[in-house]
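[1] Here's my sequence, what's the structure:
(4 chains)
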Number of protein chains: 2
Amino acid sequence: MARKRLQGNRAPTVHTVAKLAGVSIASASRVLNGLGASPETEQRVRAAAAKVGYVPNAVARSLRSRRTDMLALAVEDIGNPVYVAMMRAMETVVRRAGYRLVVHATGADPDGEVELLDGLAKRYVDGLVLVPIRVTDAHLEALSRAAGPVVVVGALPDDVEVDNVRTDSHSGVGLALSHLVESGRRRIALINGPLDTVPGAARQAGYLAARDRLGLPADDALIEIGDFRYEDGRRATERLLDRVRPDAIFCANDLIAVGALHTLLSRGIRVPEEIALVGMDDTDLARMSFPQLSSVSLGSEERGQTAAQLLLDRLVDPDRPPARVTVPPRLVIRASSRAVRP
Amino acid sequence: MARKRLQGNRAPTVHTVAKLAGVSIASASRVLNGLGASPETEQRVRAAAAKVGYVPNAVARSLRSRRTDMLALAVEDIGNPVYVAMMRAMETVVRRAGYRLVVHATGADPDGEVELLDGLAKRYVDGLVLVPIRVTDAHLEALSRAAGPVVVVGALPDDVEVDNVRTDSHSGVGLALSHLVESGRRRIALINGPLDTVPGAARQAGYLAARDRLGLPADDALIEIGDFRYEDGRRATERLLDRVRPDAIFCANDLIAVGALHTLLSRGIRVPEEIALVGMDDTDLARMSFPQLSSVSLGSEERGQTAAQLLLDRLVDPDRPPARVTVPPRLVIRASSRAVRP
DNA sequence: TTGTATGCGTTATCAG
DNA sequence: CTGATAACGCATACAA
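    So this is what the prediction gives:
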């Protein structure tokens, strides 16, 4: 039973420390974990550990404890300002709780998200926050068979039993349109992203509802669809202006809005005097454009924080019923939509 | 020696599969890893694995293989556009190689980075890309005793034996100033970040050197120091303009530059006609401001990519000599600095 | 080809 | 208080 220990020059383990201290690995481990031991043993083990520079192996510890102290965040694009804000908020919460954050960029890949959900069974993280841009049946199935705790950020069918953080971009759009109407605008255009995405669909519905509610002209020529990026916003605005002349534009996110602003300024159109502009998400971009951009905050940071917290709570209490938190939208008025008409 | 298996309802392991298939765990493991086995065994094991939904435990596998297939990235602020660009580039490279990315926000905390370096001994990741904003002696010591592969992004003393990716912001500033002089400007201001940071010091030196080289007036009133953020840029520009009247401003990063742009436009100063503006880092912000911002690219994406690749290479060959890659700066000219004088 | 047994590094149980 | 030993789940050297 001789233990062959032909190791080249590997990192010290409890064995190393124990041998050097002349005690059993059990005693060494106990001291290292702050459990009871005689002053004598305590002393010897600490000295030995310090001498060899012992650091406990996280993987071995994880195997024992069945926890990795890591949480995963999966978003479509870790470069998108909205996700950056969420990620930053999550990282803070998670770190404070002693966890690390593993980030996944899922790209537009629909299967990728399902793979990640199934990947939870590998137990490389203790839980996952998923921010899907589209939700398919495959998602729902994968969610129901997920091997670990999952929090989904974004709208979900009501009967899905998963911790869920959402916002209400539908009424968020309403906030923006009400504000524009109050400040004297009537012909309010919408520049939206793809309608087959969760956010795109919600914003579209919100716009149509608000338009009716406020008694605005039901002119579909005022609606333009592109994608959610800056360039798309520029181009969509070009198309829009070649066709109609609104007195305000609501954009489905800040990237689009900044693109729209660019096109407006290029054409010498004054903002907000001639056309007012409101974006959505209230990212840093809104503050940093000129004129500064009004924007409907959907609480990205708060959603990130909340999602992280729900996940942490779930780890503590796996049996509590699924939570559903809705972060209310909030209109932030800046120069791009200030009232200028009497 | 009867193996008591009182597990509640735990995830299936090789044991589960082996027992169900009626073979040894060794055979089960072999089949699952695509090694040789009789068609009979192959069949039974696959069926059993599928039936119980077996997924190998990543932690146990890591303990055996001594690798986690995770890499860490530590930056000061995961919300900073420059780091976002690096992170995104790294994530792509790393994922393609089958690794996951663990992100750490170190904040301004100088000890935090040292802790992360020492934390490598825990072996929770296979390697680390560190992007320190300041480099102290403590960093150098921690680097020399690092328990795992490390790549540092940013300038480092020449004798440090670490894989290192850097850029040359010193000559990057020169590029900007040369361009501004060629387009007719002479009184070129600098708005910089803190001089005790690595980037701050480099840009300052680059500015002074270029000023001499180009025979520009050595007027220190043209230099303003703040921090690297948008608001700092705004305020620094206020202070600057209250004091002097430059015909161009070079800003130490894009955030500052956008802040400067804001102040200039607020004061009704035309850009670039009256004052030209050049930023640094060439982030998305540069493209998205109006007028679009000229900026010196320091290849954030490329540095991220390279750092990731160096780390991956190092994992394959731990003994190769330390590599030092310098990504050259590149001036991207946009509307904010186009020549307007004859 | 197959099974037995061992180690990866840690923690915990259970005698002594 | 201490030490021997098992177990976490996987992969493999070695023997059959």
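
[2] Going by C-alpha atoms from here, please, whenever you check contacts or count neighbours.
    Will do.

[3] Hmm, A:Ser29 is touching A:Val14, no?
    Yes - A:Ser29 lies in contact with A:Val14 (CA atoms under 8 Å); the separation is 6.6 Å.

[4] Those two - which one has more neighbours?
    More neighbours surround A:Val14 than the other of A:Ser29 and A:Val14, with 21 against 18 (other CA atoms under 10 Å in any protein chain shown).

[5] which non-adjacent residue is nearest that one?
    Sequence neighbours aside, A:Ile25 is the residue nearest to A:Val14 in space, at 5.9 Å (criterion: CA to CA, 6 or more residues apart in numbering or on different chains).

[6] Just give me how far the helix or strand containing A:Leu312 sits from the chain centre.
    For A:Leu312, the host element (DSSP states H and E) is helix A:300-316. On the basis of CA atoms, centre = their mean, to the nearest Å, helix A:300-316 sits 10 Å off its chain's mean C-alpha point.

[7] do it and chain B meet at all?
    No - Helix A:300-316 does not reach chain B (CA under 8 Å from any CA of the partner chain); its nearest approach is 11.5 Å.

[8] three-state assignment of A:Ala85?
    For A:Ala85, the secondary-structure state derived from DSSP: H, G, I helix; E, B strand; the rest coil is helix.

[9] any idea what sits nearest it, other than its immediate chain neighbours?
    A:Glu301 (5.5 Å).

[10] quick one, what contacts the one you found?
    Residues in contact with A:Glu301 (CA atoms under 8 Å, 6 or more residues apart in numbering or on different chains) are A:85-86, A:88-90.

[11] where does it land on pLDDT?
    pLDDT recorded at A:Glu301 is 97.

[12] ok, it to DNA strand C distance?
    A:Glu301 sits 34 Å away from DNA strand C, going by CA to the nearest atom of the strand, to the nearest Å.

[13] Point out the residues in the stretch 51-200 of chain A that sit beside DNA strand C.
    Neighbours of DNA strand C within the stretch 51-200 of chain A, by CA under 7 Å from any atom of the strand: A:55-58, A:60-61, A:63-65.

[14] Out of those, flag the one nearest to DNA strand D.
    A:Arg64 (3.7 Å; CA to the nearest atom of the strand).

[15] What mean pLDDT does whichever strand or helix holds that closest one get?
    Counting by DSSP H and E, the element that carries A:Arg64 is helix A:58-65. Helix A:58-65 shows a mean pLDDT of 98.

[16] right, is it up against chain B?
    Yes - interface with chain B: helix A:58-65 contributes A:58-60, A:62-63 (CA under 8 Å from any CA).

[17] give me the subset of these touching DNA strand D.
    Among the residues of helix A:58-65 next to chain B, proximity to DNA strand D is found for A:60, A:63 (CA under 7 Å from any atom of the strand).

[18] Could you identify which of the residues of helix A:58-65 next to chain B has the most neighbours?
    Busiest of these [other CA under 10 Å] is A:Val59, holding 27 neighbours.

[19] Pull the contacting residues for that one.
    Counted by CA under 8 Å, 6+ apart, A:Val59 has contacts A:68, B:59-60, B:62-63, B:122-124.

[20] try 10 Å this time
    When the contact criterion is CA atoms under 10 Å, 6 or more residues apart in numbering or on different chains, the partners of A:Val59 are A:65-68, A:124, B:58-64, B:66-68, B:122-125.

[21] what's the closest non-adjacent residue to the residue nearest to the spatial centre of chain A?
    Per CA atoms, centre = their mean, the C-alpha nearest to the average position across chain A is that of A:Met86, at 3.8 Å. Ranked by CA to CA, 6+ apart and with sequence neighbours excluded, the top spatial neighbour of A:Met86 is A:Gly304, at 4.3 Å.

[22] which residues does that neighbour contact?
    Applying CA under 10 Å, 6+ apart, we find A:Gly304 in contact with A:73, A:82-93, A:129, A:131, A:153, A:165, A:310.

[23] circling back: mark which of the contacts of A:Val59 are buried, thanks.
    Neighbour counting by 16 or more other CA atoms under 10 Å in any protein chain shown classes A:67-68, A:124, B:58-60, B:62-63, B:67-68, B:122-125 among these as buried.

[24] Nearest to DNA strand D among those residues?
    Nearest to DNA strand D out of the buried ones among the contacts of A:Val59 is B:Ala60 (CA to the nearest atom of the strand; 4.2 Å).

[25] in terms of contact, does that closest one touch A:Arg67 like I think?
    No - taking CA atoms under 10 Å as the definition, B:Ala60 is not a contact partner of A:Arg67, at 11.6 Å.

[26] Can you check which residues contact both of those two?
    In contact with both B:Ala60 and A:Arg67: A:59, A:123-124, using CA under 10 Å, 6+ apart.

[27] got a list of what A:Gly193 touches?
    When contacts are counted by CA under 10 Å, 6+ apart, A:Gly193 touches A:199-201, A:203-204, A:224-229, A:232-233, A:251-253, A:256.

[28] Mutual contacts of A:Ser29 and A:Val14, please.
    Common neighbours of A:Ser29 and A:Val14, counting by CA under 10 Å, 6+ apart, are A:45, A:56.

[29] quick revisit: which among the residues of helix A:58-65 next to chain B gets closest to DNA strand C?
    A:Ala60 (4.3 Å).

[30] Compute the distance between the closest one and B:Thr68, please.
    A:Ala60 is 11 Å from B:Thr68, where distance means CA to CA, to the nearest Å.

[31] hey, what's in contact with both of those two?
    Counting by CA under 10 Å, 6+ apart, the shared contacts of A:Ala60 and B:Thr68 are B:59-60, B:62, B:123-124.

[32] now, the most widely separated pair of the residues you listed?
    The span of the shared contacts of A:Ala60 and B:Thr68, defined through CA to CA, is set by B:Ala60 and B:Arg123 at 13.5 Å.

[33] between the two, what contacts are shared?
    In contact with both B:Ala60 and B:Arg123: A:59-60, B:66, B:68, using CA under 10 Å, 6+ apart.

[34] May I have the phi/psi pair for A:Asn164?
    Per-residue torsions, A:Asn164: phi -140, psi 130 (degrees, to the nearest 10).

[35] Now do the helices for chain A: every range, in order, please.
    A:14-21, A:25-32, A:39-52, A:58-65, A:81-96, A:110-119, A:137-144, A:169-182, A:198-213, A:230-241, A:254-266, A:284-288, A:300-316 (DSSP state H).

[36] Give me the below-cutoff pLDDT ranges for chain A.
    Confidence mapping of chain A against pLDDT under 70 gives the ranges A:1-8, A:340-342.

[37] In JSON lines, list the shared contacts of A:Ala60 and B:Thr68 along with distance to A:Val316.
    Output for the shared contacts of A:Ala60 and B:Thr68, formatted as JSON lines (distance: CA to CA, whole Å):
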{"residue": "B:Val59", "distance to A:Val316": "21"}
{"residue": "B:Ala60", "distance to A:Val316": "23"}
{"residue": "B:Ser62", "distance to A:Val316": "25"}
{"residue": "B:Arg123", "distance to A:Val316": "25"}
{"residue": "B:Tyr124", "distance to A:Val316": "22"}
